[in-house]
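Trainee: Need a 3D model of the following:
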Amino acid sequence: MLPLLEGVRVIEVGAVVLGPYAGQILADLGAEVIKVEPLDGDIARHAHPQGTGGGALFVNNNRNKRMLAIDLKRPEGREALAKLVAGADVLFHNMRLDAADRLGLGFEQVAAINPRIVHCAATGFGRGGQYRDRPAFDDIIQAASGLAGLAALQNATPQFAPTIVADKVAALHAVYGILAALFARARGRAGPFRVEVPMFEAMVAFLMNEHLSAATFAADGAPGYPRLLSPDRRPFRTADGWIAVLPYTEAQWRRFLGAIGRSEVCETAWFQSPARRQASIGELYAIVAASLQARGTDAWIDVLEAIDVPCSRVATPAEILSDPHLTEIGFFDVPDGFPEGVKRAIPQPVRFTGIERTPDQPPHALGADSRSVLRDVGCDEAAIDALVTAGVVAA
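Mentor: Numbers count the residues shown, from 1 in each chain. The predicted model follows:
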């Protein structure tokens, strides 16, 4: 953990990936993040595969947090949460707006309790449009945003990216939105602050950054970045495996074509024109594909690194676990205090110089911090016991 957000209290009412991932980043930066769960816990706790600390998805998204298990469907639960809201700096949730309102987590409800708060809602679709009430999961947003459809422009078949990309992109947008609001508050701007992070709009902005392309300038311009959509843009087969190669500048292309014995391509009129070279990117990629099968991957990496052409072997997730660079920096090392069953952990990848890190804390058991959190907001032991006995709080 880093002490950058010390003194900032965040209430995270998040589940699965989007909310927990954002909350974990804020916790890694030193915020006190209180994760609010239903009595049966975040469903990621129970996802396969399981270890001694819960499901892998849960373990990898919930370190450095305090855990409060409470039934917000009960009036007593909402009353207890209101006490927590009163002293918080941030409330963040990733649920539909009507569900948030029913649980007392809506912006107006929270702002009435704490007019200084930063309220961040990560939803499927923005509240100003006709999709606002639709349920959304990662696959749905990949389809709606155009991500799955990009593959169809290459291979004629829409495909989902094999990662939970929409949740994680939205989580990163939520983090910078929350930090910007906290900064504005610190500079004297009055709250409350309403931050909305719609997954759909976040993914459209993320994808269309390059793919808006010709539609940027013409009403009938075709979207799509040609180099990225070329069916020939792919990992290339070598004599013994696969490699990624990306000559990008004209100088890199010249060095590469010289290295494979195709310098004559550099003398063609279309190669010497940047616009025509871009339009002929498929032809260039075809030359790359044909040439690389002559040698093994290691041999090509030696050649390409010597002439400073970007390249990499194509690693599988299993190979990443033994990557020499990651091994050298201890990327997957498990911090002291994590459950014995955890063999690898994912660190916060952002590094700060001159700021001492403290050890990461493992995800806590369901309700492990319920009593201490409620004590912090003024509940006495008798009141906490009553909530536990009534089945409103798990502790």
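
Trainee: From now on I want contacts and neighbour counts done on CA atoms only, so please keep to that.
Mentor: Will do.

Trainee: Would you map the strands across the chain?
Mentor: Applying DSSP state E to the chain gives strands spanning 9-13, 32-37, 50-51, 54-55, 65-70, 90-93, 118-123, 193-198, 236-237, 242-245, 311-313, 393-394.

Trainee: and Ile281, which of those is closest to it?
Mentor: When these are compared by C-alpha to C-alpha, strand 242-245 sits nearest Ile281, at 13.4 Å.

Trainee: The closest one packs against which elements?
Mentor: strand 236-237, strand 311-313 (3 or more C-alpha pairs under 8 Å, 6 or more residues apart in numbering; DSSP states H and E).

Trainee: how close does the nearest residue to Ile70 once chain neighbours are set aside get to Asp323?
Mentor: With C-alpha to C-alpha, 6 or more residues apart in numbering as the criterion, Ile70 has its nearest non-adjacent residue at 4.4 Å, and that residue is Val393. Distance, Val393 to Asp323, by C-alpha to C-alpha, to the nearest Å: 44 Å.

Trainee: so who does Val373 touch?
Mentor: Contact analysis of Val373 by C-alpha atoms under 8 Å, 6 or more residues apart in numbering lists Ile34, Arg66, Leu68.

Trainee: Quick one: which of these is the most crowded by neighbours?
Mentor: Leu68 (30 neighbours; other C-alpha atoms under 10 Å).

Trainee: Bridge partners for that residue, pull those for me.
Mentor: Counting by DSSP bridges, Leu68 is bridged to Val36.

Trainee: Wait, it touches Ser370, no?
Mentor: Yes: contact criterion C-alpha atoms under 8 Å: Leu68 and Ser370 qualify, at 4.3 Å.

Trainee: what touches both of these two?
Mentor: Joint contacts of Leu68 and Ser370 (C-alpha under 8 Å, 6+ apart) are Val393, Ala394, Ala395.

Trainee: ok, and the most crowded of those?
Mentor: Using other C-alpha under 10 Å as the neighbour test, the shared contacts of Leu68 and Ser370 are led by Val393, with 26 neighbours.

Trainee: low pLDDT regions in the stretch 151-300 of the chain?
Mentor: Counting by pLDDT under 70, the stretch 151-300 of the chain shows no low-confidence range.

Trainee: For Thr316, which residues are in contact?
Mentor: Contacts of Thr316 by C-alpha under 8 Å, 6+ apart: none found.

Trainee: Can you give the distance of stretch 292-306 from its chain's centre?
Mentor: 33 Å (C-alpha atoms, centre = their mean, to the nearest Å).

Trainee: Now it - C-alpha only, CSV.
Mentor: Taking C-alpha atoms only, stretch 292-306 is exported to CSV below (Å, rounded to 0.1, in the frame of the first residue of the first chain):
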residue,chain,number,x,y,z
LEU,A,292,9.2,-15.0,-40.7
GLN,A,293,8.6,-18.7,-41.3
ALA,A,294,12.3,-19.0,-42.4
ARG,A,295,13.7,-18.9,-38.9
GLY,A,296,12.8,-19.7,-35.3
THR,A,297,11.4,-17.2,-32.9
ASP,A,298,14.6,-16.7,-30.8
ALA,A,299,16.6,-16.2,-34.0
TRP,A,300,14.2,-13.5,-35.2
ILE,A,301,14.2,-11.7,-31.8
ASP,A,302,18.0,-11.5,-32.0
VAL,A,303,17.8,-10.1,-35.5
LEU,A,304,15.0,-7.6,-34.8
GLU,A,305,16.3,-6.4,-31.5
ALA,A,306,19.7,-5.7,-33.1
